[in-house]
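**Student:** Here is a sequence with its predicted model. Questions after.
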Amino acid sequence: VLAWTGCVRVDGTVYTFTGVPSENATMSQVWRVTPTRTVQTSQAGPVQLTVTWLSPLEPDDLVKQSMPFVYMSVKAASTDGASHSVELYSDLTGEWLSSDLSTPITWSGTSAASAIYHKAAPISPKPMTETSDIAEDATLYFGMTKASALTWQSGFADDVRGQFNKSGSLIDKGDDAHRAIQDRWPVFSLSWDLGDVDDNAKEAVWAMGLARSPVVQYTSGSSSEGRYPYYLTEYSNADDAFEAFIADYDDAASRADSFDAKIMSAAGGVSSNYADLIALGTRQTFAGVEFTVSQGDNGYDTSDVLAFMKQSGDSERVNAVETLYASWPAFLYVNATWAGYLLEPLLRFQSSNVYTKDFAAPDLGTSYPSAPGNKSPSSSLAVEACGDMLIMAFSQAQMSGDGSLLGKYVSQLSPFLPDGAHYSYSFSTTPSRAGQTTSFATRQARGVHSHADGVNNANLALKGIIGLQAMAGISTAVQKLDDATVFANNATSMIDTWAEELQSDNLADPSHTGLMYNLFADRLLKSEMVPDDV
């Protein structure tokens with residue numbers, strides 16, 4: 001049993017196109033990846049299948065972007081000049097709902113005006129809990145557009161799949177014996193009859209997702225609040241949002257075409273290799289982000305939008321500053337306003353009375369989706385975190401044309417940004433090992449140079465200096481012109497010293513390529529402080 005299975009029945013012969021095949025598997029021919037899609041082309045006897053997993057990116061619509069749903073479309077076309085009978089099948093299991101397969105789950109089927117879909121959830125959900133990167137408080141959705149070609153069923157995997165294999169359809173009946181995920185493995189299945197298929201492709205589309213509400217528990221001072229998915233500002237519940245998502249497929253696919261074409265054209269202008277990296281990395285960048293609103297007496301507050309990013313891979317940290325910095329160009333390119341939504345949870349926490357450090361916190365906690373704030377961060381990360389935050393804050397204002405975050409948080413009684421800038425100034429020319437992150441991937445990406453004796457780090461020093469120059473720009477933006485002059489003069493002096501030290505090899509490792517990581521920030525901010533010969 002696998003969490004997602006897909007089969008096609010061609011003239012009575014069944015092939016598996018996703019999941020573990022019980023008998024025949026389609027013969028995979030081509031895999032293609034775009035910023036929004038993964039596309040598999042395979043052969044099922046005399047029929048070619050094109051299976052597309054689409055994760056929409058909606059830069060112009062935050063309601064749509066905040067929906068936790070994706071599409072799977074399957075197109076079938078004959079390749080031998082003859083017509084063939086084609087039926088399609090897919091199911092999900094409760095493995096999406098918990099890493100503990102003994103977890104009891106409940107499920108139901110819904111027949112709405114324009115869609116038919118399954119819902120499943122743990123009988124006793126555990127709010128704000130993840131185990132092995134699986135949320136323990138989610139509701140699973142799986143549906144299709146309502147039509148005569150659609151049949152559905154829930155029940156024991158062997159029985160339901162056997163029903164499709166035998167007849168090419170399902171019995172439109174649910175299994176009411178709710179039980180554990182691995183107890184006679186309940187599956188939630190949907191089948192679509194394409195009829196006779198010739199060389200003109202026919203298509204069927206499934207939608208699936210995992211909905212949670214609230215999605216994050218956030219603490220920004222003495223109070224803690226649940227944060228709710230932004231789409232609830234338009235839809236009364238996840239059911240309504242899912243039905244709208246199913247109905248929106250054609251338009252969503254068209255928008256995805258336009259988005260893919262735009263971003264791949266821009267990336268291809270750099271190089272084909274860069275375009276390949278963009279195609280692979282775009283969805284991964286945005287997949288871990290949830291856009292949220294607060295809830296008050298009058299409903300959801302659309303003026304209070306915060307975004308939270310889960311650091312996937314080596315931890316579950318919330319809004320990890322170095323991870324935001326690594327992904328920052330993507331957010332600025334796609335929608336710079338969204339970048340501000342990611343910064344504000346950090347800025348709001350750091351301006352509260354519970355945060356007493358004079359440098360930036362490196363994250364909001366270590367166990368997503370709980371974001372209690374990091375009240376006692378190590379000062380060893382200060383230079384990097386301060387530099388990152390200053391660069392991100394100023395570039396977000398530049399790219400979005402909106403300096404409201406700068407004005408809001410610089411003017412606080414105990415502002416973070418000026419303190420961070422002073423800290424960055426104090427330490428950026430001699431950071432040694434202080435301020436280096438411990439993530440292996442991060443260290444490699446940034447070219448972090450580290451010896452046991454703490455040799456100085458040119459890359460980290462550069463980040464601090466560029467952060468200081470960013471603070472000069474921030475001060476100018478909020479009309480603190482005297483401060484701006486001081487910061488700019490100090491940054492200019494420090495970059496000269498840095499360049500001299502670099503040439504003398506006191507700061508640099510000749511093998512450094514990671515300097516590009518922070519040289520980009522210099523160009524992004526249009527400060528152009530770093531000499532061209534560097």
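**Tutor:** Happy to help now that I have it. Just so we're clear, the structure is a prediction, and the values are computed from it rather than from any experiment.

**Student:** where exactly do the helices run in the chain?
**Tutor:** Assignment of helices within the chain using DSSP state H yields the ranges 62-65, 157-167, 238-247, 249-268, 272-287, 321-350, 382-400, 404-410, 416-427, 440-446, 458-477, 481-503, 515-524.

**Student:** For Arg184, which of these is the nearest?
**Tutor:** Distances from Arg184 to each of the helices of the chain were compared by Cβ to Cβ, and the smallest falls on helix 157-167, at 8.0 Å. Yep, even glycine has a C-beta here, placed from its N, CA and C like the rest.

**Student:** Low-confidence stretches in the stretch 1-150 of the chain?
**Tutor:** Scanning the stretch 1-150 of the chain with the threshold set as pLDDT under 70 gives 1.

**Student:** Check the chain too.
**Tutor:** Counting by pLDDT under 70, the chain has low-confidence residues at 1, 411-456, 504-515.

**Student:** Give me the domain ranges for it.
**Tutor:** By the record's domain assignment, the chain is partitioned as 4-211, 317-534 (automatic domain parsing).

**Student:** Could you point out which of those domains sits nearest Asp240?
**Tutor:** Checking those against Asp240 by Cβ to Cβ gives domain 4-211 as the closest, at 9.1 Å.

**Student:** now do the same end-to-end measure for that closest one.
**Tutor:** In domain 4-211, first residue to last residue: 17 Å (Cα to Cα, to the nearest Å).

**Student:** just to revisit the earlier point, in CSV, list the domains of the chain along with mean neighbour count and distance to Leu306.
**Tutor:** Converted to CSV, the domains of the chain look like this (neighbours: other Cβ atoms under 10 Å; distance: least, Cβ to Cβ, whole Å):
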stretch, mean neighbour count, distance to Leu306
domain 4-211, 19, 12
domain 317-534, 20, 5
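
**Student:** As JSON lines, those domains with distance to Asp248 would be great.
**Tutor:** Listed next are the domains of the chain as JSON lines, based on distance: least, Cβ to Cβ, whole Å:
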{"stretch": "domain 4-211", "distance to Asp248": "8"}
{"stretch": "domain 317-534", "distance to Asp248": "19"}
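
**Student:** For Arg283, which of those domains is the nearest?
**Tutor:** When the domains of the chain are ranked by distance to Arg283, counting by Cβ to Cβ, first place goes to domain 4-211 at 5.2 Å.

**Student:** how far does that closest one sit from the chain's center?
**Tutor:** Counting by Cα atoms, centre = their mean, to the nearest Å, domain 4-211 is centred 22 Å from the centre of its parent chain.

**Student:** do you know which of the domains of the chain lies nearest Ser223?
**Tutor:** Comparing the domains of the chain by Cβ to Cβ, domain 317-534 comes nearest, at 9.4 Å.

**Student:** And that closest one, end to end?
**Tutor:** Domain 317-534 has an end-to-end distance of 34 Å (criterion: Cα to Cα).

**Student:** so Thr38 makes contact with Trp31?
**Tutor:** Yes - if you go by Cβ atoms under 8 Å, Thr38 and Trp31 touch, sitting 7.3 Å apart.

**Student:** And for the chain, the residue most distant from the center?
**Tutor:** For the chain, the residue at maximal distance from the C-alpha centroid (Cα atoms, centre = their mean) is Ala82, at 43.4 Å.

**Student:** So that residue sits against Pro46, correct?
**Tutor:** Yes - contact between Ala82 and Pro46 holds when scored by Cβ under 8 Å: they sit 6.9 Å apart.

**Student:** what's the closest of the domains of the chain to Asn298?
**Tutor:** Proximity of the domains of the chain to Asn298 was assessed by Cβ to Cβ; the nearest stretch is domain 4-211, lying at 18.7 Å.

**Student:** what's the neighbour count on Glu243?
**Tutor:** For Glu243, the neighbour count with other Cβ atoms under 10 Å is 22.

**Student:** Phe291 is nearest to which of the domains of the chain?
**Tutor:** Across the domains of the chain, the minimum distance to Phe291, taken as Cβ to Cβ, is reached by domain 4-211, at 4.4 Å.

**Student:** give me every residue that touches Pro186.
**Tutor:** For Pro186, the set of contacting residues under the criterion of Cβ atoms under 8 Å, 6 or more residues apart in numbering consists of Thr93, Gly94, Ile105, Trp107, Ala120, Ser154, Gly155, Phe156, Ala157, Asp175, His178, Arg179.

**Student:** partner residues bridging the first one?
**Tutor:** Taking DSSP bridges as the rule, Thr93 bridges to Val187.
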